[in-house]
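> For reference, the sequence and a predicted model appear below.
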Amino acid sequence: MKQNLLLLTTEQETKFTTFIEEFSLWNKTHNLISKGDSTDLWERHIYESVLLAQFFPKDAPILDIGSGNGFPGLILPLLGLTPHMCEIISKKASFLKYMLHHLHLPGKVLNEDVFGLKQRYAYFCARGFSALKNLLKVQHELSESRQHEDVQLLNVEEILVNKGHDFSKKIKNSNLLKSSAYGVYLKGPSFKDEIDDAKKVFSFDYLVFSVSEKNHIVVTFNVSPLLF
Ligand SMILES: C[S@@+](CC[C@H](N)C(=O)[O-])C[C@H]1O[C@@H](n2cnc3c(N)ncnc32)[C@H](O)[C@@H]1O
């Protein structure tokens, strides 16, 4: 089974299996993902969601922006995280609520326009929601105002070390330790253009983790609007 590649514990594997069964049932009647996509459930939707999840510390107040059918929003609680999932379409939000309830998962569904939210977060994630500049707008507006010392670092250090990077060198001159909020966004091949475009409106620091030619994880922090 593909999920073994993700090195899941037995308990997590059981939860994922139940998730797959339930998701596949709904997919038959509600076409959550296209037919061709269903064989890709593990390889694409779940795997990409797990990639994003690995960045977040336990107990992180995470907002998944535009959760849709639950990627990564519904995968995060399967891995012990407690996200808030924001989804504007009621039908999709109902599905997310049902899945949380039915699978006894932690988390909350916000059936609202993300640009109208009032609650603050320290961690943000998204897959396929919108251009990076729009994600940074949400990240900036909804970032907690608490001191950066209170916000636990992402697992970036561990990830860089695992990838063979000398983290101490990489972090030395960076502002990674000074941010009060982090965004972790899955982006496609146009990620560089999106970064350049976002730079026209925001000042921000970022790290890019290229997973494949198609998939790139952009981690953003220290976001502030450019003053004109
Ligand atoms: C392209 S889908 C991606 C869904 C999911 N993250 C995934 O990767 O499968 C984007 C989702 O964002 C939702 N959305 C769009 N604008 C929104 C807004 N302003 N507030 C909250 N959700 C929004 C859409 O309804 C849609 O379900």
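Arrived safely, thanks for sending.
> Enumerate the residues of this protein near the ligand.
Within the chain, the positions near the ligand by Cβ under 6 Å from any ligand atom are 66-69, 71, 86-89, 92, 113-115, 127-129. C-beta coordinates here come from the backbone N, C-alpha and C atoms, glycine included.
> Taking those, please make a PyMOL selection of just the buried ones.
Selecting only the buried entries of the residues of the chain next to the ligand in PyMOL, with 16 or more other Cβ atoms under 10 Å as the criterion:
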select buried, resi 66+67+68+69+71+86+87+88+92+114+127+129
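> got a list of contacts for the longest helix along the chain?
Across the chain, the longest stretch assigned as helix under DSSP state H is helix 10-30. By Cβ atoms under 8 Å, 6 or more residues apart in numbering, the list of residues contacting helix 10-30 from outside reads 3-4, 8, 32-33, 38, 41-42, 46, 70, 74-75, 78-79, 95, 99, 102-103.
> Let's see which of the residues you listed end up in helices.
Those of the contacts of helix 10-30 lying in helices (DSSP H): 38, 75, 78, 95, 99, 102.
> ok, back up a step: buried residues in the longest helix of the chain, which are they?
12, 15, 16, 19, 20, 23, 26, 27.
> Distance of the fourth one relative to the ligand?
Distance of residue 19 to the ligand, given as Cβ to the nearest ligand atom, to the nearest Å: 14 Å.
> Next: the third one.
Distance, residue 16 to the ligand, using Cβ to the nearest ligand atom: 17 Å.
> pLDDT score assigned to that residue?
In this model, residue 16 is scored at 90, pLDDT.
> So residue 105: helix, strand or coil?
Following DSSP: H, G, I helix; E, B strand; the rest coil, we place residue 105 in the coil state.
> Could you give the number of residues near it?
17 (other Cβ atoms under 10 Å).
> Let me know whether it touches residue 98 as I believe.
No - at 10.9 Å, residue 105 does not count as touching residue 98 under the criterion of Cβ atoms under 8 Å.
> which ones are touching residue 31?
Taking Cβ under 8 Å, 6+ apart as the definition, residue 31 has no contacts.
> Just give the nearest non-adjacent residue to residue 100, would you?
residue 107 (5.5 Å; Cβ to Cβ, 6 or more residues apart in numbering).
> Could I get the pLDDT score of the one you found?
According to the model, residue 107 scores 97 on pLDDT.
> That one contacts residue 76, correct?
Yes - the criterion here is Cβ under 8 Å, and residue 107 meets it with residue 76 at 7.1 Å.
> Counting neighbours, go ahead and name the busier of the two.
Between residue 107 and residue 76, residue 76 has the larger neighbour count (other Cβ under 10 Å), namely 27 against 20.
> who are the neighbours in contact with that one?
49, 53, 56, 62, 64, 82, 83, 107, 125.
> gap between residue 68 and residue 103?
For residue 68, the distance to residue 103 (Cβ to Cβ, to the nearest Å) stands at 17 Å.
> Ok, residue 30 next?
17 Å.
> In contact with residue 130, which residues?
Taking Cβ under 8 Å, 6+ apart, one finds residue 66 in contact with residue 130.
> A helix includes it, no?
No - using three-state DSSP, the assignment for residue 130 is coil, not a helix.
> so what's residue 71 up against?
45, 46, 48, 49, 127.
> roughly how far out does the longest helix of the chain sit from the chain middle?
Helix 10-30 has its C-alpha centroid displaced from the chain centroid by 20 Å (Cα atoms, centre = their mean, to the nearest Å).
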